[in-house]
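Visitor: pasting the structure only:
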């Protein structure tokens, strides 16, 4: 018990003001998604360890927290030593994303769900990352996913609902950068990278904003200098066009910055997307960025990512991932999803309209009878107020400053002479 | 992957209708507690394993899920075998209640909190119990706690806020049974049980409704037949008075069923409590039950438990536990708490007013242009509706039944002739 009294490493407590801010933002997001026809679901925070480690989570699988089996004995430990399989001591793990649980949920409940299922998941996930500024080991994700819709309607509804949520949060100046995995693949083909190297090349391109064109070329030259040089030429040519998050989402603009003949179907599809999205809120702009990769290997088509000038990294992202949701079912189910990076977004929004207007601190004298105090409090609550009792202290100024800082808008003294709420003199705070 | 695709043992998924019902109930509870001056906080779902196993959790400690340390190797396992301490493989554990985390939170943040801190915690907890009907390995608790208030004001505010939440949920016919640990101790003294046996005697009395007076006497006779017989006599005498949850909370009624001289201070305090609580909602009744124990060893004064005819076991409980919250600080801090058993309560409430009124299913033809479909949807959302798109299928009747079951109140066809939301013909469902 000599250790400092803190939450576990990389995890946070939320005090009342923070918690209120978070719940406000979550409520806004929830209502936006719901209006757009999405339905909220919930899964347990743990999943069977075998499912968590089935290859759908990419690098995040390595960051999963595992739960110790109950009732283990020395023999179990000895067996784990022999097999070298320490995970055999574990039967469950904390989820590291909401997508693997969604695939499991869909496999369990498919028969009870509509043919096109629009899911909301707003919930914490856990990753044993090295804690650093803005990175936590427990954090909230806000995901929407559409399962069972193969057409572009899915992408359009996801982007519309997400843009509406950003708008409702008061976030103007958002850019949604869009690309298509098929365009990326077309570029790699054009550069004549061997297909087996594509995942590795995409990882390099994904680091473009950190290491620059020269860095990407250097990383890839060791194993095929010609292809790397061709890619370097393309990236250099693209650079000036990507400053604002990319170019407009039109065939003309898109083909204008791509080498000839790179997946024309995907290009046409992106323009179709833009055409269906011409009613986005004014604070949200769409841009085409052919260097956008998105880290997860499971994406198969359109991919998107939200940028905001207030955040150094993306505040959301998603895409189409047709191969994955059906994995536990053994069948292919079309799917696409969009996730808002809640921990980043919540730092960008203005404070919610304070609840100060309807809240009253009742500052009571020690000698007020308890039943009177309670009946006055109940009266005010019944009239719609939020009420906190505060015992009068010698330093009244400090007390009033504190309750004002806690968000209360008014106070009143309760004395032995107070008969009911009507006899209170409410005074504004601040 | 041959195992059936289900959530982990004893845990549940929530489909949209269940999730909506739960969120509705949680919102009602949250708003009630907040109006009564409580502030919501949040802690991580895991705590350091040493804190979870510091003796504050009673039997629940044995049910804790433990998290495997990251980066373990064979040497760590061998060391655990040698020491026989398998928990040394674990550094964190899933919380089994919200009270231990609250004690840790208070120790961490005391300086930032008001002198009397009224906390709301609404969050899941985990226990590796044998799953059975109505018992889950992940379940939600709704706790309020008042820290730093030594007077009966704490109990009064807790009971008032909880009663208001039950009332707001539409739960009438609730009985809050009340007792005081000091009265229980007085009874045990009266029966001349040795003080070292009190915990064991309380465990027996706690089982009264299952094993009856004869069962309690039998359990306790082995080790002190005289005391057991005296207790048996008292319990027999009490039995007819406990049918309705106990007797009225007046000194007359209380002393009328207790042996002479059992803690008169505590009896007077209970009457004071009743006096301050005379404005409870009509659906909530207070009763004194001297056999009420509450399982946890940390209670030091008043204890309470909610009964409802729709539930075989209690739907909430709490009490004063002055010794515990300060444990991690090494100081004594007065505290009392009340917890609503959410999983039981949510099964008792009526369905919330359906959102059907403002929700529309747009049944669209395959050949409607995507941009038109989206602009009609956006128009309806902007006018305040919740909108889901449904592709028209051959079996229209089945489709409409399904969307009605999903809570939609109206539908409209979108055809190539539809120009905007004004040209839709909304038809009620059901």
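Guide: The structure has been received and is ready for your questions. Just so it is clear, the model here is predicted, and its values are computed rather than measured.
Visitor: Please report how far the residue nearest to residue A:345 when sequence neighbours are not counted lies from residue A:157.
Guide: Spatial nearest neighbour of residue A:345, chain neighbours left out: residue A:315 (5.3 Å); criterion: CB to CB, 6 or more residues apart in numbering or on different chains. (C-beta placed from N, C-alpha, C; glycine too.) Here the criterion is CB to CB, to the nearest Å. By it, residue A:315 lies 20 Å from residue A:157.
Visitor: In terms of neighbours, single out the busier of the two.
Guide: residue A:157 (27 against 22; other CB atoms under 10 Å in any protein chain shown).
Visitor: Who are the contact partners of whichever residue of the stretch 151-300 of chain A sits closest to chain B?
Guide: Residue of the stretch 151-300 of chain A nearest chain B, by CB to the nearest CB: residue A:276 (4.4 Å). Residue A:276 is in contact with A:152, A:156, B:370, B:371, B:374, counting by CB atoms under 8 Å, 6 or more residues apart in numbering or on different chains.
Visitor: so which of these is the most crowded?
Guide: Top of the contacts of residue A:276 by neighbour count (other CB under 10 Å): residue A:156, with 25 neighbours.
Visitor: Surely that one is within a helix?
Guide: Yes: assessed with DSSP: H, G, I helix; E, B strand; the rest coil, residue A:156 lies in a helix.
Visitor: my guess is it contacts residue B:370, does it?
Guide: Yes: counting by CB atoms under 8 Å, residue A:156 touches residue B:370, with 6.3 Å between them.
Visitor: Residue B:235: which of the contacts of residue A:276 is nearest?
Guide: Distances from residue B:235 to those, taken as CB to CB, are shortest for residue A:156 (69.4 Å).
Visitor: Setting aside sequence neighbours, what's the nearest residue to that closest one?
Guide: Nearest to residue A:156 is residue A:276, by CB to CB, 6+ apart, at 4.6 Å.
Visitor: Give me the local confidence score for the residue nearest to residue A:345.
Guide: Residue A:315 carries a pLDDT value of 93.
Visitor: Can you spell out the domain ranges of chain A, please?
Guide: Taking automatic domain parsing as the domain assignment, the ranges for chain A are A:16-43+A:95-348, A:356-428.
Visitor: Now do the contacts for the residue in the stretch 251-400 of chain A positioned nearest to chain B.
Guide: Nearest residue of the stretch 251-400 of chain A to chain B: residue A:388, at 3.5 Å (CB to the nearest CB). Taking CB under 8 Å, 6+ apart as the criterion, residue A:388 is in contact with A:359, A:360, A:361, A:362, A:403, A:406, A:408, B:37, B:118.
Visitor: and if you look at residue A:253?
Guide: A:247, A:288.
Visitor: What ranges does the stretch 301-430 of chain A have for its strands?
Guide: Under the criterion DSSP state E, counting those that start in this stretch, the stretch 301-430 of chain A contains strands at A:302-307, A:316-320, A:335-340, A:359-364, A:386-391, A:410-414, A:427-428.
Visitor: Residue B:380 is nearest to which of those strands?
Guide: Taking the strands of the stretch 301-430 of chain A one by one with CB to CB, strand A:335-340 is closest: 21.0 Å.
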